[in-house]
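S.K.: Here's a sequence, model it:
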Amino acid sequence: MRTASHLLWLPFLAAAMISLPIIASAQEACTTYSVKDGDTLGSIAQAAYGTFDYQNIFNANRDALAANPNSLPAGLQLVLPCADGRLAPDQELSSVIQAETEKQQATAKKSNVYEPPLKFVTSNNWAPFTDESLTGGGIFVRMATTAMQRGGNNRAYTVAYVDDWMSHIDTLLPSGAFDVSIAWEAPDCSKLDMLGEFSTRMCTEFDFSLPIYEAAYTFNTLPDSKFANARAFSDYAGAKLCRPEAWPMGDLEVQGLAPPVIEVV
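M.R.: Numbers count the residues shown, from 1 in each chain. The predicted structure follows:
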């Protein structure tokens, strides 16, 4: 049962959203869907894509959903992207992107001893965002390299994959072995007094780009749990929260959700 949600920002670039002319009464990919009473993002994603993972819907409609992804008023128009990521079935961008990329690569200026290549580092096994096996190295890597190719930059660049994420923070960036690590959760550095040791270090020792990705996090529990009707972060006091090992806690810390208020397992 979904009981609450909040947003997480990951830093890099922002993308424009294209609206669709097709209005669908049923949930179908490559259309614009008009929300009906009782719809949730999960139910719409299940009908359109066969999965309750609604991240792609949220990404395409962040302006309409950012305030509260759980609130879907009847009549709200939602873009349902195509399975391949296009926002419209007649959108043919791949050939244009490829031609422009080749053009930029052919005309890019070379670095010299005074302007050495910018060195990006990232990691594998984070599909679809970063992985050497993915086209262009993953979404985040493609955003970075596209910016380097088309943003008026005259510097060459390299991209390397080091699978130990913490080594990026502990060694590779501080030593100057690399210039930029792709990509990290950006803590709310305006609430430094509420952040834990790791999040505080991220704020005080590193610079973040503007956010490029906005993730909607939800909390799930059993229907008979005492937290089933939670609607505010403070309602989770005393809860045992399961979170992936080594995953940053900054987004929860700024809401007052950190040990001993909660137990993290």
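S.K.: since we're on residue 225, how many residues are nearby?
M.R.: For residue 225, the neighbour count with other Cβ atoms under 10 Å is 13. Quick note: C-beta positions are derived from backbone N, CA and C, even for glycine.
S.K.: and it, that's in a helix?
M.R.: No - going by DSSP: H, G, I helix; E, B strand; the rest coil, the assignment for residue 225 is coil, not a helix.
S.K.: tell me the pLDDT at it?
M.R.: The per-residue pLDDT reported for residue 225 equals 94.
S.K.: so how many other residues sit close to residue 80?
M.R.: 24.
S.K.: quick one: it and residue 57 touch, right?
M.R.: Yes - using Cβ atoms under 8 Å, residue 80 is in contact with residue 57, at 6.3 Å.
S.K.: Could I have the CA atoms of stretch 144-152 written out in CSV?
M.R.: Only the C-alpha atoms of stretch 144-152 are listed here, as CSV (Å, rounded to 0.1, in the frame of the first residue of the first chain):
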residue,chain,number,x,y,z
ALA,A,144,27.2,14.6,-20.2
THR,A,145,28.9,13.7,-23.5
THR,A,146,26.1,15.5,-25.5
ALA,A,147,26.6,18.6,-23.5
MET,A,148,30.4,18.4,-24.1
GLN,A,149,29.8,18.0,-27.9
ARG,A,150,27.0,20.7,-28.3
GLY,A,151,27.5,23.2,-25.5
GLY,A,152,30.1,25.3,-27.2
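S.K.: residues of that stretch that come out buried?
M.R.: Within stretch 144-152, the residues that qualify as buried are 144, 145, 146, 147, 148, 149, counting by 16 or more other Cβ atoms under 10 Å.
S.K.: swap in stretch 186-194?
M.R.: For stretch 186-194, using 16+ other Cβ under 10 Å, the buried residues are 186, 187, 188, 194.
S.K.: Among these, which are located in helices?
M.R.: Per DSSP state H, helices hold no members of the buried residues of stretch 186-194.
S.K.: Which single one of those residues is nearest to residue 120?
M.R.: Comparing these against residue 120 with Cβ to Cβ places residue 186 closest, at 17.3 Å.
S.K.: pretty sure that closest one is touching residue 211, no?
M.R.: Yes - the criterion here is Cβ under 8 Å, and residue 186 meets it with residue 211 at 6.3 Å.
S.K.: quick one on the thing from earlier: which of the buried residues of stretch 144-152 sits closest to residue 224?
M.R.: Using Cβ to Cβ, the buried residues of stretch 144-152 come closest to residue 224 at residue 144, 46.1 Å.
S.K.: Quick check: the gap between the closest one and residue 135.
M.R.: 14 Å (Cβ to Cβ, to the nearest Å).
S.K.: next one: residue 243
M.R.: 30 Å.
S.K.: Then residue 46?
M.R.: Computed with Cβ to Cβ, the distance linking residue 46 and residue 135 is 27 Å.
S.K.: can you check residue 215 too?
M.R.: Counting by Cβ to Cβ, the separation of residue 215 from residue 135 is 22 Å.
S.K.: The two: which is more packed in?
M.R.: residue 215 (14 against 10).
S.K.: Mind putting the buried residues of stretch 186-194 into CSV with pLDDT and distance to residue 28?
M.R.: Shown next, in CSV, are those (pLDDT from 0 to 100; distance: Cβ to Cβ, whole Å):
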residue, pLDDT, distance to residue 28
186, 90, 35
187, 91, 39
188, 92, 38
194, 95, 43
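S.K.: Contact partners for residue 236?
M.R.: By Cβ atoms under 8 Å, 6 or more residues apart in numbering, the contact list for residue 236 reads 4, 219, 227, 230, 257, 262.
S.K.: Low-confidence regions, this structure specifically.
M.R.: Applying pLDDT under 70 to the chain flags the ranges 1-26, 84-85, 88-114.
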